[in-house]
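Engineer: Fold the following for me, if possible:
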Amino acid sequence: MKAAVDFFDRQFRDQIRAGDFALNPFEREVAAHARGRVLDYGCGLGNLALHCARAGHPVTAVDASPAAIAHLQTIAAQERLALDAIAAEATTVELDGPFDTVASIGLLMFFDRTTAEALLERTKSLVAPTGICAVNVLVTGTTFEAVFGGGDRWLFDPDELRAAFDGWRILVDRREDVDAPGGTRKAFSTLIAERG
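Structural biologist: Okay, here's the model as predicted:
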């Protein structure tokens, strides 16, 4: 996990210097469903967290990247946003749920299978009754490995995410493949569900 945190910490520093704060396609989709109290679990640079806080949602944002969290804390203070940015590992952070919206974009794939499955269950457990849970991960079929830095990783089968939300109302269930450097592929699965 440390290799992945270092990889993203460097990437986030580059994005901050370049002023690259646009929502990615996954964040835009989650933002369209966000409501109430929001948890951005593995928030990365925090573009989704900032978007939600600027829209008036109280937000808790968690990431292990010191650069990302320092950036978020600075902007939240400057803009007086209701955004609590926490530098912590997803596996150990104490969270005061439930939340009306829980987003986990690009987090679960950086752990071994047992940890990833436990984190998915924890993510779901933080969702309030009738709340929204949004999960986006790289899944089987991904051949792009640079992002993992040789560390632990678990690629869910795309059907595993849907099965994990059995009994929830599925709002979005999509798989997409994109080209990656070196002739590799990134296979993504995005699932947004409402607790029933």
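
Engineer: which residue sits closest to the residue sitting nearest the centre point of the chain in space, ignoring its chain neighbours?
Structural biologist: For the chain, the residue sitting closest to the mean C-alpha position, by CA atoms, centre = their mean, is residue 105 at 2.4 Å. Closest residue to residue 105 apart from its sequence neighbours, by CB to CB, 6 or more residues apart in numbering: residue 136 at 4.5 Å. Using the backbone N, CA and C atoms, a C-beta is placed for each residue, glycine as well.

Engineer: For the one you found, pull up the helix or strand it's in.
Structural biologist: Assigned by DSSP states H and E, residue 136 belongs to strand 127-138.

Engineer: Likewise for residue 72?
Structural biologist: Using DSSP H and E, the element containing residue 72 is helix 66-79.

Engineer: What residues of that helix count as buried?
Structural biologist: Within helix 66-79, the residues scored as buried using 16 or more other CB atoms under 10 Å are 67, 68, 69, 71, 72, 73, 75, 76.

Engineer: same thing with stretch 41-61?
Structural biologist: Applying a neighbour-count criterion of 16+ other CB under 10 Å, one finds 41-53, 57, 59-61 buried in stretch 41-61.

Engineer: List the ones among the residues you listed that fall in strands.
Structural biologist: Judged by DSSP state E, the buried residues of stretch 41-61 include 41, 59, 60, 61 as members of strands.

Engineer: What is the nearest of these to residue 173?
Structural biologist: Nearest to residue 173 among those is residue 41, at 19.5 Å by CB to CB.

Engineer: Distance check, the spatially closest residue to that closest one that is not a sequence neighbour against residue 143.
Structural biologist: Nearest-residue entry for residue 41: residue 104, 4.6 Å, with adjacent residues in sequence omitted and distances by CB to CB, 6+ apart. Separation of residue 104 from residue 143 (CB to CB, to the nearest Å): 23 Å.
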